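1. Fold the following and give me the result.
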Amino acid sequence: MDEKNAKRLGLMVVAASWLAVFCLFGFRSSFSILNPVMIQGTGWPKTLPSTGYSIMMSVYAITAFLSGMIIDKWGTRPAYFLGAIFSGLGFYLTSLVPNEQPGLYLLVYGLFAGVGTGMLWVSSTVSVRKWYVGKAYATWWGIAFAGAPMAQVVLSLVVKPILTNPEAGADSWRAAMRVLAMIVFVALMLAALLAKKSPEAYNLKPFGLPPAGANKPAEERMWTPGEAFKTFPIWGTVIAFLTAMVGEFLIWTQVVRYWTVDAGMDLATATNLYIFIGISGIFTMPIFGRVADALVAKFGHEPKARKTMLIFAPAVGALACLVLLASGRGSFAIGIVACVLFAIYWAIEPGGCAGYAGSIYGRKSLGKIWGLATLIVMGIGPALGTYVGSALGAGGSYVPSIWFAFSAFVISTVAATFLPLSAEVEQAAKAVSKAEVKA
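-> The predicted structure follows:
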């Protein structure tokens, strides 16, 4: 295949990942807007929609692990196809749940939305990593990941007019979910059509490898999840990612309440600030993808560059928390600065963790390994961050919640500093130790 057609296939992979990320984060961003309208329209307890969201995230974590097994064997197309069906049903069937059957909401939304979104994260990150490595990965993943903030902005603009339409009345959230069901189904079916297998299936090599004549890396070792999870790099990544996710989800779920309760802002102003995080992310994600890849080129060692970015990202998240606390006096301008800093953190951390793991364990083994890591991180981090943030804010102030998020980001920064630059060295050291014991 000529270079032009090879690049075209790579761009199709990135486009499919963009659509998958758009739909995945569309579920997350739309929930914060739909939540109060659902409570008001159905008369359900205030905690019920959030409980359904927590169940969805638990199912999501389990499904993410299974999706890793699917894409290693059959590629991302089946994962996107299943994501289209289950994600569309997650919104549509939930819109049909009678007010008198809140338990059915927990089952339908938790199961269908959980399975649907669980097919999207590992498949999108790993597919880009399989096609782009070295100094090319973060740039193209940054472009694909820009679908997340785009969803936060675009779907908010789509849903708000429906929810405020007086003709829709108490069922406005149902109408909004049906529109969202159509959007995610069409987008993910398109992603499935665009999806491609690994480059080797087309007799190609991934983009970003050293040029001909340069020192090339050794042949990739095939790692099983069991082998990988006996080494520290993946556990170090899990710890760094998990603690960052605790802080991140605490911020995403509590920051609007902090601005309205502690900073005294009106809801419209606080909501506009929240949307500004998404607007900033549209630009910070591709920009800092380029920065990360430039670091790879500068160091000439991908694991070292990815590790450096994983130290930098949560440190920026911690700084954003301090700036956020300064906005507690009601300063909109300081709030804008905090939003930009959170967008910078967001642009680096999720994809950076996958990039570091891929640089250590290789592209061919990454699906199952990153699927299991996602199961651990997403099975704990989002629920823990959301719960702790809400519990600490029960006293009437969300300042303690922000300080907790700050602590989580600091722990993630410290954990990232201990990430090793190779798993093979660790394996060799263990082999030498066993040989010495036998001797």
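2. Could you list every helix and strand that the longest helix along the chain packs against?
-> Ordering each helix of the chain by length in residues (DSSP state H) puts helix 3-42 first. The contact analysis (3 or more C-beta pairs under 8 Å, 6 or more residues apart in numbering; DSSP states H and E) places helix 3-42 against helix 48-74, helix 77-95, helix 114-118, helix 121-131, helix 137-145, helix 147-163, helix 172-194, helix 232-261. Every residue, glycine included, has its C-beta placed from N, CA and C.
3. got JSON lines for those, with mean neighbour count and mean pLDDT too?
-> JSON lines is the format used below for those (neighbours: other C-beta atoms under 10 Å; pLDDT from 0 to 100):
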{"stretch": "helix 48-74", "mean neighbour count": "21", "mean pLDDT": "85"}
{"stretch": "helix 77-95", "mean neighbour count": "24", "mean pLDDT": "95"}
{"stretch": "helix 114-118", "mean neighbour count": "28", "mean pLDDT": "93"}
{"stretch": "helix 121-131", "mean neighbour count": "29", "mean pLDDT": "89"}
{"stretch": "helix 137-145", "mean neighbour count": "26", "mean pLDDT": "91"}
{"stretch": "helix 147-163", "mean neighbour count": "20", "mean pLDDT": "86"}
{"stretch": "helix 172-194", "mean neighbour count": "21", "mean pLDDT": "95"}
{"stretch": "helix 232-261", "mean neighbour count": "24", "mean pLDDT": "91"}
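4. want to throw those into TSV with distance to I279?
-> Output for those, formatted as TSV (distance: least, C-beta to C-beta, whole Å):
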stretch	distance to I279
helix 48-74	24
helix 77-95	24
helix 114-118	23
helix 121-131	21
helix 137-145	15
helix 147-163	6
helix 172-194	20
helix 232-261	15
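5. How about the contacts made by A416?
-> 236, 240, 307, 310-311, 314 (C-beta atoms under 8 Å, 6 or more residues apart in numbering).
6. R290 is nearest to which of the helices and strands packed on helix 3-42?
-> R290 lies closest to helix 137-145 among those, at 5.2 Å (C-beta to C-beta).
7. hmm, who's touching the closest one?
-> The contact list for helix 137-145, computed with C-beta under 8 Å, 6+ apart, reads 10, 14, 17-18, 21, 124-125, 128-129, 131-132, 207-208, 285-293, 296, 309, 347, 350-352, 354-355, 358.
8. Separate out the buried members of these.
-> Neighbour-count burial (16 or more other C-beta atoms under 10 Å) is assigned, among the contacts of helix 137-145, to 10, 14, 17-18, 21, 124-125, 128-129, 131-132, 207-208, 285-286, 288-289, 291-293, 296, 309, 347, 350-352, 354-355, 358.
9. May I ask which helix or strand encompasses the residue nearest to the spatial centre of the chain?
-> By C-alpha atoms, centre = their mean, the chain has its centre lying nearest to P350, at 5.4 Å. Using DSSP states H and E, the element containing P350 is helix 332-361.
10. Please identify the buried residues of that helix?
-> So, applying 16+ other C-beta under 10 Å, buried residues of helix 332-361: 334-361.
11. Excluding sequence neighbours, find me the nearest residue to A201.
-> Excluding the flanking residues, the one nearest A201 by C-beta to C-beta, 6 or more residues apart in numbering is G75, at 7.6 Å.
12. so how many other residues sit close to the one you found?
-> 19 (other C-beta atoms under 10 Å).
13. for it, phi and psi?
-> phi 90, psi -180 (degrees, to the nearest 10).
14. got the contact list for it?
-> 127, 195-198, 201.
15. Would you mind giving me the PyMOL syntax to select the buried ones in these?
-> Selecting the buried subset of these in PyMOL, with 16+ other C-beta under 10 Å as the burial test, is done by:
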select buried, resi 127+195+196+197+198
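16. any chance of the contacts of G75 in CSV, plus distance to V246?
-> Formatted as CSV, the entries for the contacts of G75 read as follows, by distance: C-beta to C-beta, whole Å:
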residue, distance to V246
S127, 27
A195, 32
K196, 35
K197, 35
S198, 33
A201, 38
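17. Report pLDDT for M1.
-> Note for M1: predicted pLDDT of 61.
18. thought K130 was touching S198?
-> Yes. Applying C-beta atoms under 8 Å, one finds K130 in contact with S198, separated by 4.8 Å.
19. which residues are common contacts for those two?
-> By C-beta under 8 Å, 6+ apart, the residues touching both K130 and S198 are R363.
20. picking up where we left off before, may I see the contacts of A416 arranged in JSON lines, with distance to V115 as well?
-> Listed next are the contacts of A416 as JSON lines, based on distance: C-beta to C-beta, whole Å:
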{"residue": "G236", "distance to V115": "30"}
{"residue": "A240", "distance to V115": "27"}
{"residue": "K307", "distance to V115": "33"}
{"residue": "L310", "distance to V115": "30"}
{"residue": "I311", "distance to V115": "35"}
{"residue": "P314", "distance to V115": "30"}
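21. Which single one of those residues is nearest to W252?
-> P314 (15.1 Å).
22. and the nearest residue in space to that closest one that is not next to it in sequence, backbone torsions?
-> In space, P314 comes closest to S412 once its chain neighbours are excluded; the distance is 3.8 Å by C-beta to C-beta, 6+ apart. Backbone torsions of S412, given as degrees, to the nearest 10, read phi -60, psi -40.
23. Please report how far S412 lies from G351.
-> Noted for S412: a distance of 15 Å to G351, by C-beta to C-beta, to the nearest Å.
24. Repeat that for G367.
-> Counting by C-beta to C-beta - G367 and G351 are separated by 16 Å.
25. same check, this time on G114
-> G114 is 22 Å from G351, by C-beta to C-beta.
26. got the CA coordinates for stretch 99-106 in CSV?
-> In CSV, the C-alpha atoms belonging to stretch 99-106 read as follows (Å, rounded to 0.1, in the frame of the first residue of the first chain):
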residue,chain,number,x,y,z
ASN,A,99,-42.3,7.3,36.8
GLU,A,100,-43.9,4.6,38.9
GLN,A,101,-41.0,2.2,38.2
PRO,A,102,-37.7,3.9,39.4
GLY,A,103,-36.1,0.5,39.8
LEU,A,104,-36.4,-0.1,36.1
TYR,A,105,-34.4,3.1,35.5
LEU,A,106,-31.5,1.7,37.5
